[in-house]
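sharing a sequence plus its predicted fold:
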Amino acid sequence: MGTLESKVSEVFQYFLLTVVLVTMSGALSPGPLLVTNLSNAPRWGWKGGFWLSVGHTFVELPLILLVAIGLNFVINNYLLKMIVAAVGGIVLLIFAGLQIREVLRSRAETEPIKAKPATTRHPLLAGLIFTGLNPYFLVWWLTAGANLVLEALLLAAIAGVFIMFAAHIWMDYAWLTGTAWLANKGTNLVGSKGYTVLMLVFAAFLIYFGLSFCWDAFLLSLLV
């Protein structure tokens, strides 16, 4: 029994590590939320990053739950699981390529992120708007993210989905709040060489997990 519990614990720990590494690249990537956060840091301070994260959560959690509800109907269908894994893997590889291109392009510019102040007065509303209207965010959770949701369902049903979400969402709060505080103090973290290296490292993780998802899809194809 102890050995079985140990193996289950190892599987769950590996899954949580996968969630952190796969979703962290998205959380840390330059996008509408980060641009809004940095450009309004002098006005909003660190609280702006926090409330942006809250607005982001109000969109992300319902979306993930809707994906989970949809996948729950096909959880025992090997063909559909194979499709979800394959699409998820391919999308991760595409996003890795886009991320590498964006990072290299940013390094060639004097100002990697050119931001405009948000048109909304409160960061909570900005978080809702820039999350809900971000097509890359929606595509990610409907493809690559869907495979993580499916794995969470297989591991611990709906409780696994909430655990997966908790393993991811803290990074948004830490990153947006932290960068807002640093930007308010005049620190240009996003334009630093360390940030570039970090993003390239996470792009490598995306490639690894993209290939891993595709391999899982291949194994599932043997069962179809």
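Nice, thanks for sending it over. Numbering: from 1, shown residues only.

what's around Ile83, how many residues?
By other Cβ atoms under 10 Å, 17 other residues sit near Ile83. C-beta here means a position set from N, CA and C on the backbone, and glycine is covered the same way.

can you check Lys7 too?
10.

how much space separates it from Val22?
With distances taken as Cβ to Cβ, to the nearest Å, Lys7 is found 22 Å from Val22.

just Thr196 next, same as before
Distance, Thr196 to Val22, using Cβ to Cβ: 20 Å.

the more surrounded of those two?
More crowded of Thr196 and Val22, by other Cβ under 10 Å: Val22, with 26 against 16.

surely that one touches Ala144?
Yes - taking Cβ atoms under 8 Å as the definition, Val22 is a contact partner of Ala144 at 7.3 Å.

which neighbours do these two have in common?
Listed contacts common to Val22 and Ala144 are Leu92; contacts here mean Cβ atoms under 8 Å, 6 or more residues apart in numbering.

the lengthiest helix in the chain - contacts with which helices or strands?
Secondary structure of the chain per DSSP state H: the longest helix is helix 144-184. In this structure, helix 144-184 packs against helix 2-28, helix 32-39, helix 41-44, helix 46-72, helix 78-107, helix 193-221, with contacts taken as 3 or more Cβ pairs under 8 Å, 6 or more residues apart in numbering; DSSP states H and E.

right, so the ones you listed: which one is the most enclosed?
Of all these, helix 32-39 has the most neighbours on average by mean count of other Cβ atoms under 10 Å, namely a mean of 23.

for that one, packing partners?
Under the contact definition 3+ Cβ pairs under 8 Å, 6+ apart, helix 32-39 sits against helix 46-72, helix 123-132, helix 144-184.

got the angle for the first one vs helix 2-28?
Spelled out, that is helix 46-72. 130 degrees (axes from the mean of the first three to the mean of the last three Cα atoms, to 10 degrees).

quick one: list the elements packing against helix 46-72.
For helix 46-72, the elements it packs on are helix 32-39, helix 41-44, helix 123-132, helix 135-142, helix 144-184, judged by 3+ Cβ pairs under 8 Å, 6+ apart.

sorry, back to before: now the helices and strands packed on helix 32-39 as CSV including distance to Tyr208 and mean pLDDT?
Below are the helices and strands packed on helix 32-39 laid out as CSV (distance: least, Cβ to Cβ, whole Å; pLDDT from 0 to 100):
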stretch, distance to Tyr208, mean pLDDT
helix 46-72, 23, 93
helix 123-132, 27, 90
helix 144-184, 13, 91
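
export those to TSV and append columns for distance to Leu220.
Converted to TSV, these look like this (distance: least, Cβ to Cβ, whole Å):
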stretch	distance to Leu220
helix 46-72	14
helix 123-132	31
helix 144-184	11
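
looking at the ones you listed, which is nearest to Phe12?
If you check each of these against Phe12 by Cβ to Cβ, helix 144-184 wins as the nearest, at 6.3 Å.

from the chain's centroid, how far away is the closest one?
Relative to the mean C-alpha coordinate of its chain, helix 144-184 is positioned 7 Å out (Cα atoms, centre = their mean, to the nearest Å).

what separates Phe205 from Tyr78, distance-wise?
On the measure of Cβ to Cβ, Phe205 and Tyr78 end up 27 Å apart.
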